[in-house]
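> just a sequence and a predicted model for now, questions to come.
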Amino acid sequence: MLREVDDLDQPAVPETAPRQGRPARVFERVLDRLARSPYPRAILLYLVIRTASVQLLDLLAARRGASLTDRLTAWDGQWYLRLAVHGYADLPGTLDAARQPYSDAPMAFFPLYPKFVEAVMWLGLDVVTAALTVSVLGGLVLACGLIRIGRAVSPERGDRTGLLLVALWAGAPMAIVFSMAYTEAVFCAFAVWALVGVLERRWMLAGLCAFAAGLSRSTAVVLVAVVVVAALIAVFRRPEERRWALVGAVIAPLGVAGYLGFVAYRTGSWTGWQDIELRGWNTEFDFGVETGESVLSRLTGDESVFSTLTVLFLLGAVALAVVAAFIRVPWPLTLYGVGVLLLAIGTRGLPDAKIRFILPAFPVLIPISIGLAKRRTVTAVAAAAAWVVLGAWFSAHALTAWRYAI
């Protein structure tokens, strides 16, 4: 009885008390994880750098009587906007490099980015807003992927290395295209996560991302080759991964091969896409002959600051690729970066656009990010900030004062 009385004397505890506190505790845990996670910081850092770069572009464009929207949708951006609205079959007024009618010209542009823009337009956005939204979202995805790359190349300072890599890439010369109606942000997002899949041996992730990248840009041939080689090595060396590695190796090339096959069928030529590039843009692979001549003439002639910087950035990227191999950056990253550089250098046409073409070769920035991660925070921030300022000026100058830089 005493025990019963004692029990009765105790204040009753509502049965619902734990339930009332559970949502608050869950919310606190989510906030705590976000505070400790590097991904929100990567996204914020990327957005700050890209916003500052766009603001500088707006300032320089206004001084020349141009609008920001016009600059963010310039050149190939107009092609992608028209493709999102009209598609390939009904695109009007297409011309070749000689200004002659050329109905096959739109097929030079891969379909995934305009399809994404078209999908976002279903939400009620106009085509320009939709295109820029897709680019911004692609940039956020690639920023998060760079954190994983940082962890892979620098286990001791992974998140710090990843954040520096985000800053260096988001602020690189010609990184303005990540904020434009261009494919770079979408392609690079898929490329980064495909390489994350390779490094972490997540073969379905690698294969699917390489597949999507192959529907975004022709540069994907390099990425696909890296994914397939790495997957096949896993097939023979790691029996426990054999099935998924083989599936990834099969899926990876289907995007780029499928689209090039489609163009070949539509044009009636096995080299249909290359033919379009040559006739429409005077672009073809010449093993670097034109690039070599351009570099030599600019280094020995009286060229503008912009032309000289273009050459120096190109040579710097090559030097960093060598450093990446020397410090033993994981071979899939090094091979991908070198492959993108060789493809850009070996292609004839638009030499001033080389910096944009090598932008997807982000592994060349890994040696710098690893080096800065070992320095004091003040030193690392100052160096990254200087790089961002240079890249923002270069990008804004290219879009406002230079005719053929993109």
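Looks like it came in fine. Everything numeric in this text was worked out from a predicted model, so none of it was measured.
> from now on I want contacts and neighbour counts done on CA atoms only, so please keep to that.
Will do.
> quick check, Tyr182 in a strand?
No: read with DSSP: H, G, I helix; E, B strand; the rest coil, Tyr182 is coil and lies in no strand.
> count of neighbours near the nearest residue to it once chain neighbours are set aside?
Closest residue in space to Tyr182, ignoring its immediate chain neighbours: Gly77 at 5.6 Å, by CA to CA, 6 or more residues apart in numbering. Applying other CA atoms under 10 Å, we find 20 other residues in the vicinity of Gly77.
> cool, Lys374 as well?
Lys374: 14 neighbours (other CA under 10 Å).
> quick check, pLDDT for it.
Lys374 is assigned 94 on the pLDDT scale.
> state the distance from it to Ile368.
10 Å (CA to CA, to the nearest Å).
> repeat for Tyr80
For Tyr80, the distance to Ile368 - CA to CA - is 34 Å.
> likewise Leu81?
Counting by CA to CA - Leu81 and Ile368 are separated by 36 Å.
> what about Tyr80 and Ile368, which has more around it?
When neighbours are counted by other CA under 10 Å, Tyr80 comes out ahead of the other of Tyr80 and Ile368, with 27 against 20.
> residue contacts, the more buried one?
Phe109, Tyr113, Pro114, Ala181, Tyr182 (CA atoms under 8 Å, 6 or more residues apart in numbering).
> nearest to Ala264, of these?
Phe109 (13.8 Å; CA to CA).
> return the residues in contact with that closest one.
Tyr80, Arg217.
> any idea how far it is from Thr219?
12 Å.
> distance from stretch 332-346 to the middle of the chain?
Chain-centre distance of stretch 332-346: 14 Å, with CA atoms, centre = their mean, to the nearest Å.
> name the element the closest residue to Arg243 other than its chain neighbours belongs to?
The shortest distance from Arg243 to any residue other than its chain neighbours is 7.4 Å, reached at Val235 (CA to CA, 6+ apart). Secondary structure from DSSP states H and E places Val235 in helix 220-237.
> mind saving the C-alpha coords of that helix as CSV?
The C-alpha trace of helix 220-237 is given here as CSV (Å, rounded to 0.1, in the frame of the first residue of the first chain):
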residue,chain,number,x,y,z
ALA,A,220,32.7,14.0,-72.2
VAL,A,221,34.7,11.7,-74.4
VAL,A,222,37.6,12.2,-72.1
LEU,A,223,35.5,11.6,-69.0
VAL,A,224,33.9,8.5,-70.4
ALA,A,225,37.3,7.1,-71.3
VAL,A,226,38.5,7.6,-67.7
VAL,A,227,35.3,6.0,-66.2
VAL,A,228,35.4,3.0,-68.5
VAL,A,229,39.1,2.4,-67.9
ALA,A,230,38.8,2.6,-64.2
ALA,A,231,35.7,0.4,-64.2
LEU,A,232,37.4,-2.3,-66.3
ILE,A,233,40.4,-2.3,-64.0
ALA,A,234,38.0,-2.9,-61.1
VAL,A,235,36.3,-5.7,-63.1
PHE,A,236,39.6,-7.6,-63.3
ARG,A,237,41.1,-6.7,-59.9
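> counting contacts, what elements does that helix pack onto?
helix 184-199, helix 203-214, helix 242-251, helix 331-345 (3 or more CA pairs under 8 Å, 6 or more residues apart in numbering; DSSP states H and E).
> now the phi/psi pair for Ala181, please.
The phi/psi pair for Ala181 (degrees, to the nearest 10) reads phi -80, psi 60.
> what sits against the nearest residue to it once chain neighbours are set aside?
By the measure of CA to CA, 6+ apart, the closest residue to Ala181 outside its immediate chain neighbours is Gly77, 4.8 Å from it. Contacts for Gly77 were tallied using CA under 8 Å, 6+ apart; they are Met180, Ala181, Tyr182.
> nearest to Leu199, of the residues you listed?
Among the contacts of Gly77, and counting by CA to CA, the member closest to Leu199 is Tyr182, at 27.5 Å.
> list the buried residues in whichever strand or helix holds Leu45.
Assigning secondary structure by DSSP H and E places Leu45 in helix 38-63. Under the neighbour-count criterion of 16 or more other CA atoms under 10 Å, helix 38-63 has 38-39, 41-43, 45-47, 49-50, 53-54, 56-58, 60-61 buried.
> do the same with stretch 305-315
Buried, per 16+ other CA under 10 Å, within stretch 305-315: Phe306, Ser307, Thr308, Leu309, Thr310, Val311, Leu314.
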